[in-house]
Structures are given as structure tokens and as C-alpha cells.
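Colleague: what would the 3D arrangement of this be:
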Amino acid sequence: MNGITLMIIAIVVLGAGYLVYGRWLARTWGIDETAPTPAYTQEDGVDYVPADTNVVFGHQFASIAGAGPINGPIQAAIFGWVPVLLWILIGGVFFGAVQDFASMYASVKSKGKGIGSIIEMYIGKTGKKLFLLFCWLFCILVVAAFADVVAGTFNGYAPDGATIEANGAVATTSMIFIGEAVFLGMILRYGRLNKWVNTVIAILMLVAAVALGMKFPMYLTQTTWHYIVFAYVFIACVVPVWALLQPRDYLNSYLLIFMIAAAVIGVFVSNPDVNLAAFTGFSVDGQMLFPILFVTIACGAVSGFHSLVSSGTASKQIKNEKDMLPVSYGAMIMESMLAVIALICVASFAGGEAANAGLVTQPQIFAGAIANFLEAVGLPWNLTFTLINLAVSAFALTSLDSVARIGRLSFQELFLDAED
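Modeller: Below is the predicted model of the structure:
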């Protein structure tokens, strides 16, 4: 087995899932392109703000992905590539994408309300309060976990005190991203420019941020980054979405698309070998395939957190009901593709090459493998490794402020009635 074969299988299955099953769901449930969406009927300039499809898609994709579809398949690879691939494809098409689409559909059809308010309408206030309390506590836990991931990614110092140039470059670029996002938000809201002009501006900003980040790496300790990240989260969860969330996700979407496109090209050019066994058994090193496989591969197949993003933030930005399918179902299909790429990455390193190269964490393994693939195209390994790490940090940072906003919305919903 080789990487190209796995990639072709994934493209065919996931593409067919979207074009056939996804469109069938949209037709069956009913999409009204003429109906005003909550982004317009409930517009408040803070959470309910209409946005173009590509902007909302970028927000949805980056928010639901995080580091999950990268970490999960790499951890679950101990069971072999066959069960990992099967669960990603089956789970993504028939479980994850359906859940995400259903959550967004229910929210958009219910004035953009979150799952908690929808529970109140059909089950009762007790069910709503229990769910929202759990959701709020869950969001606090996720914020803490993702803040640690982001701070670790930005940490400029190794345990021996040496500086880590790649982390420093990623940190600088990410900070520049935030400043550029605010400026781009002003352009998108008040400039009224053609979407292609906005696209060119966004890409130029992206290139400038990456170039400046690699030229001027920022070296701060992990503890310092914890304080900075928590301050950022506090601000990001309350400012209007058009001022930070939408434009930053717009910038990130191009970075993330570049990462996935580069990875696919790298696989087709280098055609890495799949050095993993097809199946290693139902129990490996004391880990049972059920439930470990399905717990580790959550975001790449199905994750309850996705429903919170679909109904908590993205549903309030949908301009037209027809956008729900590509934004929700489509983003999940793209995430499953990312999970397959992660599987190919770890499979190419199954002979122990990652440890020998000093690549220990899952994001490092992912970035190192893609850098190896793209060396066949002629791209410098260090440049590619830094860019992929940057893309992974963009995932984590987007998930961080999205879950913080969801936590804030969940806390608000605790004190509101469904009809409010």
C-alpha cells in the first residue's frame, strides 16, 4: 500500500459523500434560498453578522478542526491503517458531517438559537439548564487545554534554554495575523470592495505576516504566552465577530487551504510508502480498539463539539440557507481529508524516522512528514516545516477563541427563555 492509493480512496469516498449523500440530505430536509436567515433577522452587530460563504467556511473549518484531526489518527495508528481509514471515512460521511449539518440546520431554522434553547423548546427547561451547565464547564476545560497547546506551540525556548526558531516565527506571524485581522475587518465591513479585491488583500496580508514572522521570530517563555493567550481569549470572545473572528478566519482559510493542497500535492509527488501494518489487533499494549479508536479519532470522524460551533457561532453568520451544506457538511468532509493526510504522514514515519529526527509531538510528526513530501517538489524542508506548524497553530488559536465565545453564549442562554 502507498500514499497515493490512500489519498485516491479518500478523495473518491469523501467527494461522493458530499455530492450524493450531502445534497440528498439538503433536498430531503428542505433548504429555502428565499428565507431570511437569522444573520439578518436577528442582526446585532456582535454575534449575528452576515458573512460570505468562504468566510464562514473558514471559521467553521478551523474551529472544528483544531489539532484533533492531526493528533487523533496519529495516536490511533497503533491499531493499523485499515481501522483508522475506515472510521475516518464512514464516520466523516455518515456521522460527523450529518451531525454538523443537522445542528446548523436546526439553529438557522430556530432564529440562530443554540442547542440549549432548542432543547428547551422540545424537552424542557431542566434539560436545557443541565445541557448548558455541562457545555459551559466543558468550554472552560477546552479553553484551558487549547491555551496550553497554543502556548506550547509559541514557546520560544527548549528545555536546555536554546531558542526554537520555528516556534518563534510561528508566534510572531500569529500575533501579526491578529493585528491584520482587525484591519481587514474594517475593510470588509466598510470598504464595500469587490470580493476578488478582498481576496487579493487577504493573501497579501498572509504572505506579509509569514515573511515578517520568519524574519523576526519572537522568543517568549511558555508561561508568558499563557498570560498573553488568556488575555486574547477574554477580548476575542466579546468583541463583534466582524472585528476579529470573521476577518481572522478569512485569513486563516487561505493558510489552511494552502496546507491541505500542499500536503495532497506532496503525497502525489513523493508517493510515500505506508509502513504501518494493515491491522495489529483488537488489543495493543493494553489499549482496546473499542473505545480507544473512536475516542482518539473524534474530530476527524465525529465530535459533539462540532455541534456547538455549528449552532453557536457559524449559524449566526449564514447569509443564505443554501450556504449551510458547504459550510457545515463540507467543512467536516474537509476535516476528514485532513485526518487521512495525518494517517499518511504517520504511516510514512512508521519505521522510527520521526524519533530519529527529533519529531516527538503529533503536530511535529505531521509537519515533518509533509516537509519530507514537499522536498520532492523542491521546497526547503525548514520553510515548509515552519509553515505547516503555523497552519496547525492557526487551527488551535481559532478553536480557542471560538470555544471561548461559545462558553460565553452558553452562560448567557442559561438566563434566557427559548422565546427570547
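Colleague: residue ranges for the strands of the stretch 151-300 of the chain, please.
Modeller: For the stretch 151-300 of the chain, applying DSSP state E, counting those that start in this stretch gives strands covering 283-284, 287-288.
Colleague: out of those, which comes closest to residue 344?
Modeller: Residue 344 lies closest to strand 283-284 among the strands of the stretch 151-300 of the chain, at 20.1 Å (Cβ to Cβ). Any C-beta I mention is one placed from the backbone N, CA and C, and that applies to glycine too.
Colleague: show me what the closest one is in contact with.
Modeller: 78, 79, 289 (Cβ atoms under 8 Å, 6 or more residues apart in numbering).
Colleague: show me how far it is from its chain's centre.
Modeller: Strand 283-284 sits 30 Å away from the centroid of its parent chain (Cα atoms, centre = their mean, to the nearest Å).
Colleague: just checking, residue 264 touches residue 6?
Modeller: No - applying Cβ atoms under 8 Å, one finds residue 264 not in contact with residue 6, separated by 11.3 Å.
Colleague: now stretch 375-384: buried residues?
Modeller: 379, 384 (16 or more other Cβ atoms under 10 Å).
Colleague: that stretch: end-to-end distance?
Modeller: In stretch 375-384, first residue to last residue: 9 Å (Cα to Cα, to the nearest Å).
Colleague: got a list of contacts for that stretch?
Modeller: Here stretch 375-384 makes contact (Cβ under 8 Å, 6+ apart) with 166, 214, 262, 265, 266, 269, 270, 367, 370, 371, 372, 374.
Colleague: try stretch 238-246
Modeller: Residues outside stretch 238-246 that contact it (Cβ under 8 Å, 6+ apart): 45-47, 49, 51, 55, 59, 178, 181-182, 185-186, 188-189, 235-236, 313, 316-317, 401-402, 405, 408.
Colleague: where does the prediction get shaky in the stretch 251-400 of the chain?
Modeller: For the stretch 251-400 of the chain, applying pLDDT under 70 flags the ranges 351-353, 355-358.
Colleague: gap between residue 162 and residue 393?
Modeller: Separation of residue 162 from residue 393 (Cβ to Cβ, to the nearest Å): 20 Å.
Colleague: follow-up on the earlier one: of the contacts of stretch 238-246, just the buried ones, ChimeraX syntax please.
Modeller: Applying 16+ other Cβ under 10 Å to the contacts of stretch 238-246, the buried members can be selected in ChimeraX as follows:
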select :47,49,51,55,59,178,181,185,188,236,313,316,317,401,402,405,408
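Colleague: please flag which of the contacts of stretch 238-246 sit within helices.
Modeller: Counting by DSSP state H, the contacts of stretch 238-246 place 55, 59, 178, 181-182, 185-186, 235-236, 401-402, 405, 408 in helices.
Colleague: out of the strands of the stretch 151-300 of the chain, the one nearest residue 152 is which?
Modeller: Taking Cβ to Cβ, strand 287-288 is the member of the strands of the stretch 151-300 of the chain nearest to residue 152, at 24.4 Å.
Colleague: what lines up beside that closest one in the sheet?
Modeller: Under the criterion DSSP bridges, strand 287-288 sits next to strand 283-284 (antiparallel) in its sheet.
Colleague: list phi and psi for residue 300.
Modeller: phi -80, psi -10 (degrees, to the nearest 10).
Colleague: correct me if wrong: it contacts residue 90.
Modeller: No - contact criterion Cβ under 8 Å: residue 300 and residue 90 do not qualify, at 11.5 Å.
Colleague: between the two, which one's more packed in?
Modeller: residue 300 (31 against 16; other Cβ atoms under 10 Å).
Colleague: list the contacts for residue 359?
Modeller: Going by Cβ under 8 Å, 6+ apart, residue 359 touches 349, 365, 367, 368.
Colleague: widest-spaced pair of these?
Modeller: The span of these, defined through Cβ to Cβ, is set by 349 and 367 at 11.5 Å.
Colleague: residue 162 and residue 393 - which one has more neighbours?
Modeller: When neighbours are counted by other Cβ under 10 Å, residue 393 comes out ahead of the other of residue 162 and residue 393, with 24 against 9.
Colleague: residues in contact with residue 102?
Modeller: Counting by Cβ under 8 Å, 6+ apart, residue 102 touches residue 307.
Colleague: surely residue 334 is within a helix?
Modeller: Yes - counting by DSSP: H, G, I helix; E, B strand; the rest coil, one finds residue 334 located in a helix.
Colleague: what is the burial count for it?
Modeller: Residues near residue 334, counting by other Cβ under 10 Å: 24.
Colleague: what backbone torsions are found at the nearest residue to it once chain neighbours are set aside?
Modeller: Computed as Cβ to Cβ, 6 or more residues apart in numbering, the closest residue to residue 334 that is not its neighbour in sequence is residue 61, at 5.7 Å. Backbone geometry at residue 61, expressed as degrees, to the nearest 10, gives phi -60, psi -50.
Colleague: what about the contacts of stretch 375-384, which are in helices?
Modeller: Per DSSP H, the subset of the contacts of stretch 375-384 in helices is 166, 214, 262, 265, 266, 269, 270, 367, 370, 371, 372, 374.
Colleague: next, the contact list for the second one, please.
Modeller: Contact partners of residue 214, counting by Cβ under 8 Å, 6+ apart, are 169, 173, 383, 386.
Colleague: for it, give its distance to residue 363.
Modeller: Residue 214 is 18 Å from residue 363, by Cβ to Cβ.
Colleague: over to the fourth one?
Modeller: Spatial separation of residue 265 from residue 363 under the definition Cβ to Cβ is 20 Å.
Colleague: the two: who's more crowded?
Modeller: Shown here are residue 265 and residue 363; by other Cβ under 10 Å, residue 363 has more neighbours (24 against 15).
Colleague: ok, now which ones touch that one?
Modeller: 67, 70, 71, 153, 389, 392.
Colleague: by neighbour count, which of the residues you listed wins?
Modeller: Within the contacts of residue 363, neighbour counts (other Cβ under 10 Å) peak at residue 70, which reaches 29 neighbours.
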